[in-house]
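Q: coordinates only, sequence not included:
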């Protein structure tokens, strides 16, 4: 787990994340940004914003395609969350290398060379080629010209997937210990229209999609607060369509144990040039609006804790 005392500053992280592809070893697989003054019972995490591509990735797909698989710049869009009292957890590794939002059993057997340690349980995500380790990218391009061994995948789990979850779990647990409750926003981005590997191919999407597993991962007031705040800022919001949430909100969202987890998907057309994959004209406005959202839900979380 990243040592919070040694966490990179937001500015340093922006410099790191500006590089299209990082082959150096990051200081940690995960970085924690501690809350500023007046901590709130609130944790943000960005599991898919990492731009570190380890040397043993061995992909044959082009870097532009892999970059399109990143939730690019989401870590920067929510960087002000810590200033408003939230703890922010950010993955530094590429999600196409290993995806922390997938179960360990979600092994794509088409990609696997040999036997797995136990019986794989591939989900529909693996069937689409985007399981624990992605096999496909974009509209169905193969990432590799080879298969991966159990040892290859295990290394990725132990060095990247597991440290991320250990860190996020620790930050949520710490928040509950301090405040007796935790609100958790799991932050992602999405294409404006579903591609061939998505659950809604060819369909236009709202500005934001909130996923609470049909009400199972958090109390409805949290979902409503986020939706109302975004709609008040002029954005369109869909709930559980097409994304209901995945492993992270399923794993950590336990309302009966005072942990309320909500997934948020941000439409990339709001802040990114989809051709160059760089920050677009709307980036600064959206970042400011995400700060407004963080402030609103930090106040909400404090009121619920009290």
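A: Nice, thanks for sending it over. Note that the structure is predicted; figures quoted are calculated from it, not measured.
Q: Which parts of the chain are strands?
A: Using DSSP state E, the strands found in the chain span residues 30-33, 42-46, 87-91, 136-137, 141-142, 182-190, 208-211, 237-239, 259-267, 272-273, 278-279.
Q: Neighbouring strands - and their directions - for the first one?
A: Strands adjacent to strand 30-33 in the sheet, as given by DSSP bridges, are strand 87-91 (antiparallel).
Q: contact partners of the strand it pairs with?
A: Here strand 87-91 makes contact (CB atoms under 8 Å, 6 or more residues apart in numbering) with 13, 29-35, 39, 42-50, 75, 78-79, 81-82, 100, 160, 164, 167-168, 171, 174-175. Where C-beta positions appear, they are placed from N, C-alpha and C, glycine not excepted.
Q: which of these count as buried?
A: Buried members of the contacts of strand 87-91, counted by 16 or more other CB atoms under 10 Å: 13, 29-33, 35, 39, 42-50, 75, 78-79, 81-82, 100, 160, 164, 167-168, 171, 175.
Q: Report the helix or strand with the lowest average pLDDT across this structure.
A: The weakest-scoring helix or strand in the chain, judged by mean pLDDT, DSSP states H and E, is helix 10-17 (a mean of 32).
Q: got the contact list for the residue of the chain positioned farthest from its centre?
A: No residue in the chain sits farther from the centre than residue 114, which is 30.0 Å out by CA atoms, centre = their mean. Residues in contact with residue 114 (CB under 8 Å, 6+ apart) are 149, 150.
Q: Spit out the contact partners of the residue nearest to the spatial centre of the chain.
A: Central residue of the chain (CA atoms, centre = their mean): residue 47, 3.2 Å from the mean position. Contacts for residue 47 (CB under 8 Å, 6+ apart) come out as 71, 91, 95, 99, 100, 101, 164, 186, 188, 248.
Q: between these, which is nearest residue 287?
A: Of all the contacts of residue 47, residue 287 sits closest to residue 71, with 14.5 Å by CB to CB.
Q: And for residue 162, the neighbour number?
A: Neighbours of residue 162 under the rule other CB atoms under 10 Å: 15.
Q: And the one 10 residues further on, by the same measure?
A: Residue 172 is flanked by 24 other residues according to other CB under 10 Å.
Q: Touching, it and residue 179? I think so.
A: No - between residue 172 and residue 179 there is no contact under CB atoms under 8 Å: 10.9 Å.
Q: neighbours of residue 254, just the number please.
A: Count around residue 254 with other CB under 10 Å applied: 17.
Q: correction: residue 139
A: 11.
Q: ok, and the closest non-adjacent residue to it?
A: In this structure, residue 139 finds its nearest non-sequential neighbour in residue 196, 4.4 Å apart by CB to CB, 6 or more residues apart in numbering.
Q: From residue 137, how far off is the one you found?
A: 11 Å (CB to CB, to the nearest Å).
Q: For the lengthiest helix in the chain, give me every contacting residue.
A: Counting residues, the longest helix found in the chain (DSSP state H) is helix 283-305. The contact list for helix 283-305, computed with CB under 8 Å, 6+ apart, reads 40-42, 44, 73, 76-81, 83-86, 179-181, 183, 185, 221-222, 225-226, 229-230, 233, 235, 266, 270-272.
Q: re the thing from before, ok, the residue nearest to the centre of the chain to residue 168 distance?
A: The spacing between residue 47 and residue 168, counted by CB to CB, is 8 Å.
Q: What backbone torsions are found at the residue nearest to residue 139?
A: Reported as degrees, to the nearest 10, the phi and psi values for residue 196 are phi -70, psi -20.
Q: Was I right to think it contacts residue 130?
A: No - look at residue 196 against residue 130 with CB under 8 Å: they stay out of range, at 10.8 Å.
Q: So for those two, which sits in the more crowded spot?
A: When residue 196 and residue 130 are compared for neighbours, residue 130 comes out ahead with 24 against 12, by other CB under 10 Å.
Q: What residues are bridge-paired with the more buried one?
A: Beta-bridge partners for residue 130, by DSSP bridges, are residue 134.
Q: Over to residue 188?
A: Applying DSSP bridges to residue 188 gives these bridge partners: residue 265.
Q: what residues are up against it?
A: Each residue near residue 188 by CB under 8 Å, 6+ apart is listed here: 46, 47, 48, 71, 74, 243, 263, 264, 265, 266.
Q: Out of the residues you listed, name the two that are farthest from one another.
A: Greatest spacing in the contacts of residue 188, by CB to CB: 46 and 243 (15.6 Å).
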